[in-house]
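[1] After the sequence you'll find the predicted model.
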Amino acid sequence: MEAAASLGDQMRSAALDLLYIRNVTATCRQHVHQVPDYTRQAVPAFLLLALLEFVLLQTRHRGRAAFADHTVSLASGMVHLVVSAGCGFLPVWAYATIWQRWRLFELPWDSVGVWWLTLVGVDFCFYWQHRALHEVNCLWAMHQAHHSSEYFNLSAAQRQPVLQTFVTGVFYLPLAVLGVPPAMWLSHRAFNFIYQFWIHTELVGSLGPLELVFNTASHHRVHHASNPRYLDRNYGGFLIVWDRLFGTFCAEAEPPTYGLVHNVDSFDLWTVQLGAFARVAAAYSVPARAALQLYVAAHGTLLGVALRW
């Protein structure tokens, strides 16, 4: 009975976690080593919900749940967890070093106001991280694995690019300079990631007025679609307001076609994860200037101005 009650408490907690519903004071920590591994704690809920969705899609005969596709997504998630466990300290170390040496303000680690500031700040940084991952070729070569599934389901949320761990932390360093405590940043980065799990589904329709502010399944279906009008849209993590402000928002209008513009056509884990680097590697057969342009070429409005010449 106690085990069942404990499991029930964990599932209720996981359900609240997926919606970014947190006890603010309970999640404030002074030191990084005190921060629980929220993402790893959420993994059982991820797997259970993905399994339930798979069964539901199969019973409805919707043809939206290929077993091989689920397998490579789950395998990617497991490899990502292993890489994060082994190398995840690198962005934390970089952030903490910047914070210790060059922070501009002394922000308290146990402040409710700083907690909410960090929530917004982390999502703002995630927007630019996510946008760069799409608009810079060498970063897209890493990130495309997450978009390679031709299905859109909760398993696809776990198809995480294994190499992103080494580069994405740099986008959050402005928060360290502003003085956001490392433990608070680390917690919110996990919360933001966990929230994005449930928006990878076709089973949730429009959420009405909530879609004006929050990233939802409808908005994220657009992001994962390869329809021409949907390409490079809806980069927000928890909030959709950044896309509305910076001109990258698109509402769901026509049925999405999922996957890449040029699909991988493979269920091999490493082909999915690393196959796009072949195109980038081909750049080295052309003159150095052209190779560099191809390596960092950007087609987005802001990044294109910065990276093209």
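    Everything's here; your move.
[2] any idea which residue sits dead centre in this protein?
    The residue lying closest to the centre of the chain (Cα atoms, centre = their mean) is Phe193, at 5.6 Å.
[3] In contact with that residue, which residues?
    Phe193 makes contacts with 39, 237, as judged by Cβ atoms under 8 Å, 6 or more residues apart in numbering. For glycine as for every other residue, the C-beta is placed from the backbone atoms N, C-alpha and C.
[4] How is it assigned, secondary-structure-wise?
    Classification of Phe193 using DSSP: H, G, I helix; E, B strand; the rest coil returns helix.
[5] any idea how far His219 is from Gly237?
    Relative to His219, Gly237 is positioned 11 Å away (Cβ to Cβ, to the nearest Å).
[6] Tyr95 too?
    28 Å.
[7] try Val177
    Distance from Val177 to His219, by Cβ to Cβ: 30 Å.
[8] more neighbours, these two?
    Neighbour count, other Cβ atoms under 10 Å: between Val177 and His219, His219 has more, with 23 against 14.
[9] which one is the more buried one nearest to, not counting chain neighbours?
    Closest residue to His219 apart from its sequence neighbours, by Cβ to Cβ, 6 or more residues apart in numbering: Asn234 at 4.7 Å.
[10] can you pull the contacts of the one you found?
    Contacts of Asn234 by Cβ under 8 Å, 6+ apart are 215, 219-220, 222-223, 240, 243, 248-250.
[11] Where do the helices of the stretch 101-250 of the chain begin and end?
    112-135, 137-147, 173-178, 182-195, 217-224, 241-246 (DSSP state H, counting those that start in this stretch).
[12] how about the ones you listed in TSV, adding distance to Trp270?
    Putting the helices of the stretch 101-250 of the chain into TSV (distance: least, Cβ to Cβ, whole Å) gives the following:
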stretch	distance to Trp270
helix 112-135	19
helix 137-147	10
helix 173-178	30
helix 182-195	23
helix 217-224	22
helix 241-246	32
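[13] Any idea which of the ones you listed gets closest to Gly275?
    Closest of those to Gly275 is helix 137-147, at 8.3 Å (criterion: Cβ to Cβ).
[14] got the angle between that closest one and helix 217-224?
    130 degrees (axes from the mean of the first three to the mean of the last three Cα atoms, to 10 degrees).
[15] Quick check: mean pLDDT of helix 137-147?
    In this model, helix 137-147 carries a mean pLDDT of 93.
[16] For Ala94, what is the enclosing helix or strand?
    helix 89-102 (DSSP states H and E).
[17] buried residues in that helix?
    Under the neighbour-count criterion of 16 or more other Cβ atoms under 10 Å, helix 89-102 has 91-92, 95-96, 98-99 buried.
[18] again, but for stretch 70-88
    Buried, per 16+ other Cβ under 10 Å, within stretch 70-88: 70, 72-77, 79-81, 83-84, 88.
[19] can you redo those as TSV with secondary structure?
    Putting these into TSV (three-state DSSP) gives the following:
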residue	secondary structure
His70	helix
Val72	helix
Ser73	helix
Leu74	helix
Ala75	helix
Ser76	helix
Gly77	helix
Val79	helix
His80	helix
Leu81	helix
Val83	helix
Ser84	helix
Gly88	coil
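[20] So the closest residue to Ser218 other than its chain neighbours, which state does it fall into?
    Closest residue to Ser218 apart from its sequence neighbours, by Cβ to Cβ, 6+ apart: Glu252 at 4.6 Å. Three-state assignment for Glu252 (three-state DSSP): coil.
[21] Roughly how far does Glu252 sit from His224?
    Relative to His224, and taking Cβ to Cβ, Glu252 is found at 11 Å.
[22] What of Ser149?
    Distance from Ser149 to His224, by Cβ to Cβ: 8 Å.
[23] more crowded one of those two?
    Just comparing Ser149 and His224: by other Cβ under 10 Å the higher neighbour count belongs to Ser149, 27 against 21.
[24] Count the neighbours of the residue nearest to His70 when sequence neighbours are not counted for me.
    Of all residues beyond its chain neighbours, the one nearest His70 is Ser155 (4.4 Å), with distances taken as Cβ to Cβ, 6+ apart. By other Cβ under 10 Å, 29 other residues sit near Ser155.
[25] How about Ile240?
    26.
[26] thinking it is in contact with Leu210, fair?
    No - at 9.6 Å, Ile240 does not count as touching Leu210 under the criterion of Cβ atoms under 8 Å.
[27] shared neighbours of the two, anything?
    With Cβ under 8 Å, 6+ apart as the test, Ile240 and Leu210 both reach Thr216.
[28] Tell me how far the nearest residue to Gly259 once chain neighbours are set aside lies from Ala66.
    Using Cβ to Cβ, 6+ apart and skipping the chain neighbours, the partner closest in space to Gly259 is Glu150 (3.9 Å). Counting by Cβ to Cβ, the gap from Glu150 to Ala66 is 8 Å.
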